[in-house]
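Enquirer: kindly generate the corresponding structure for this input.
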Amino acid sequence: GISSISRGQNCTMSLLLSTLVGTAAAFSSAPMHVPARGSRTLSVSMAVEDLVGGINDPIFGGTPEGKIWDPLGLGADEASLYRRRVVEIKHGRVCMVAFLGMTVGPNELVQPSHQLLSPSLDLHFDDIPGGIAAINAVPAAGWFQIIALVGVHELTINKQDYTKEPGEIPTFLGFKPDDVATFKDKQLKELKNGRLAMIAVLGELMAQQVSGMGTYEQLGVIINDYVKPVLPL
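Expert: A predicted model of the protein is given here:
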């Protein structure tokens with residue numbers, strides 16, 4: 001069963017890797033033009049002029065004059081903007097969870113169980129390291145289960161409803177505000193937090209790969225080698 005996979009941090013890592021590869025350019029949500037539900041081909045488009053946060057907001061590539069900085073012309077294809085917006089939200093959400101896992105999940109804070117992870121390999125849960133080092137330590141059967149679980153989520157509870165706002169999925173569970181202005185404000189906050197999380201997770205993964213140390217091992221080195229020597233005795 002899926003419980004035989006390594007700790008939640010490793011599952012988070014797989015989700016992260018599967019989404020970072022395809023991270024698309026960032027566009028905010030905008031009015032959607034959706035055909036009738038009876039239409040066989042569902043085509044959703046949105047205009048770049050109606051970005052969440054406003055076209056004049058520099059954080060979204062705008063200028064005070066209302067011009068868009070889009071050298072690659074990604075905003076010209078309105079039919080693709082909706083999909084790119086959905087993808088960005090999804091990647092941001094995954095990376096926010098991934099960062100949480102990388103922060104509270106390392107062995108220094110949570111001691112994993114010594115139960116068998118893979119009886120055929122005599123591999124135990126506490127044999128799996130944290131962070132990026134877990135990629136090569138998780139057996140192939142474990143990765144298969146992780147990928148299968150992600151696929152099931154993509155087709156069920158995380159499936160985008162193309163008649164609704166980008167990122168609006170069945171698991172909203174009534175948390176969507178009824179007030180339009182409040183919803184736009186929450187969308188803006190999610191965008192910023194998601195983008196920051198994508199950068200933070202990528203930076204931490206690269207730091208672990210280069211240093212060979214986990215999150216808290218790196219912090220220990222920084223404190224012992226750089227902070228303590230300059231502190232007054």
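Enquirer: drop to CA atoms for contacts and neighbour counts, all remaining ones
Expert: Fine.
Enquirer: what packs against the lengthiest helix in the chain?
Expert: Longest helix in the chain, counting residues (DSSP state H): helix 180-211. When contacts are defined as 3 or more Cα pairs under 8 Å, 6 or more residues apart in numbering; DSSP states H and E, helix 180-211 packs onto helix 78-104, helix 215-222.
Enquirer: give me whichever of the ones you listed is most buried.
Expert: Comparing those by mean neighbour count (mean count of other Cα atoms under 10 Å), helix 78-104 comes out on top with a mean of 21.
Enquirer: just checking, next helix/strand downstream of that helix?
Expert: For helix 78-104, the following helix or strand on the C-terminal side (DSSP states H and E) is strand 116-118.
Enquirer: following that next one, which helix or strand shows up next?
Expert: Of the helices and strands lying after strand 116-118 in sequence (DSSP H and E), the nearest is strand 123-124.
Enquirer: contacting residues around E190?
Expert: I89, G92 (Cα atoms under 8 Å, 6 or more residues apart in numbering).
Enquirer: from S80, how far off is it?
Expert: 21 Å (Cα to Cα, to the nearest Å).
Enquirer: what's the answer for F144, then?
Expert: From F144 to S80 the distance is 31 Å (Cα to Cα).
Enquirer: these two touch, right, R195 and R93?
Expert: No. The pair R195 / R93 is not scored as a contact, 9.2 Å apart, by Cα atoms under 8 Å.
Enquirer: so how many other residues sit close to D225?
Expert: 11 (other Cα atoms under 10 Å).
Enquirer: wait, which of the helices and strands packed on helix 180-211 is closest to G167?
Expert: Nearest to G167 among the helices and strands packed on helix 180-211 is helix 78-104 (5.4 Å), distances taken as Cα to Cα.
Enquirer: tell me the angle of the closest one relative to helix 215-222?
Expert: Angle of helix 78-104 versus helix 215-222, following axes from the mean of the first three to the mean of the last three Cα atoms, to 10 degrees, is 70 degrees.
Enquirer: switch the helices and strands packed on helix 180-211 over to CSV; also include mean pLDDT.
Expert: Shown next, in CSV, are the helices and strands packed on helix 180-211 (pLDDT from 0 to 100):
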stretch, mean pLDDT
helix 78-104, 87
helix 215-222, 88
